[in-house]
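[1] Below are the sequence and a predicted model; questions follow.
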Amino acid sequence: MQRTPKKLEKKRLVRYKEGAEMYSMGMNKFQALAKDAGAILKIDRMVLVDLDTFDQYLETFRVRE
């Protein structure tokens, strides 16, 4: 009997450190972009970034030639 791997699901909410690693950028730049995108959620002292909103914001920087 073979085990099938679980389907990898994309995370929707991440913390700054994980998001910066996912997008291969520094934490300060990720924080600034997340703030500009309006993708930040604060729960008490925990800060999460909504990646759906963040991705939509990043698409506005696409260069079309």
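    Noted; the coordinates are in hand.
[2] mind listing the strands for the chain?
    13-14, 40-43, 46-50 (DSSP state E).
[3] Show me the longest helix that occurs in the protein.
    helix 27-37 (DSSP state H).
[4] Name the residues that touch it?
    16-17, 19-20, 23, 25, 40, 49, 53-54, 56-58 (Cβ atoms under 8 Å, 6 or more residues apart in numbering). The way it works is simple: take the backbone N, C-alpha and C, and place the C-beta from them, glycine included.
[5] Highest neighbour count among those residues?
    Most neighbours among those, by other Cβ atoms under 10 Å: residue 49, with 24 neighbours.
[6] List the residues that contact the residue nearest to the spatial centre of the chain.
    Centroid-nearest residue in the chain: residue 51, 3.7 Å away (criterion: Cα atoms, centre = their mean). Contact analysis of residue 51 by Cβ under 8 Å, 6+ apart lists 10-14, 19, 22, 39.
[7] quick one: pLDDT of it?
    Note on residue 51: pLDDT of 96.
[8] shaky segments in this protein?
    Residue ranges of the chain with pLDDT under 70: 1-9.
[9] still on that earlier bit, distance of the residue nearest to the centre of the chain from residue 64?
    Going from residue 51 to residue 64 by Cβ to Cβ, to the nearest Å gives 23 Å.
[10] In helices, which of the contacts of helix 27-37 fall?
    16-17, 19-20, 53-54, 56-58.
[11] Could you work out the most separated pair of these?
    17 and 56 (21.9 Å; Cβ to Cβ).
[12] circling back to that earlier point, want to try JSON lines for the strands of the chain, with distance to residue 29 as columns?
    Formatted as JSON lines, these follow (distance: least, Cβ to Cβ, whole Å):
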{"stretch": "strand 13-14", "distance to residue 29": "15"}
{"stretch": "strand 40-43", "distance to residue 29": "14"}
{"stretch": "strand 46-50", "distance to residue 29": "13"}
